[in-house]
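Asks: Need coordinates for the below:
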Amino acid sequence: MSLCGTDQDKERLIKRLARIEGQIRGLAKMVEQNRDCIEVLRQIASASGALRGVWTQVLGDHLRGCIAKAAMENDQAIIDELIDHLQKIR
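Replies: Predicted coordinates:
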């Protein structure tokens, strides 16, 4: 099984992840430079929000792709897998 979505969706996802990677590297630099706690906390919150955005994008693609197909084919296993995942996240 692979990621749902078009090549354009995947390219957009990779660009978002590259920006997050830059944010994380910036965060490590902030810690090395002994920057103020509040600045580090803001950067952590920003990176966390960006990761949530990626999660939302992948979830949307999964719902429109794999889950829609599973519903049409009455494939309960993929739907149960998503339900299990959603129950575990906070």
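Asks: alpha carbons only for contacts and neighbour counts from here, please
Replies: Will do.
Asks: contacting residues for Val54?
Replies: Leu13, Arg16, Leu17 (C-alpha atoms under 8 Å, 6 or more residues apart in numbering).
Asks: Out of those, the closest to Gln76 would be?
Replies: Distance ranking of the contacts of Val54 against Gln76, using C-alpha to C-alpha, places Leu13 first at 27.4 Å.
Asks: Can you turn the buried subset of the contacts of Val54 into a selection I can paste into ChimeraX?
Replies: In ChimeraX, a selection of the buried entries from the contacts of Val54 looks like this (16 or more other C-alpha atoms under 10 Å):
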select :13,16
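Asks: Let me have the contacts of Val54 in TSV, adding pLDDT and distance to Gly49 as columns.
Replies: Output for these, formatted as TSV (pLDDT from 0 to 100; distance: C-alpha to C-alpha, whole Å):
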residue	pLDDT	distance to Gly49
Leu13	93	14
Arg16	95	12
Leu17	97	12
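Asks: mind listing which of the contacts of Val54 are in strands?
Replies: Residues of those located in strands (DSSP state E): none.
Asks: what about the helices in the chain?
Replies: Along the chain, counting by DSSP state H, helices occupy 7-32, 37-62, 68-72, 76-88.
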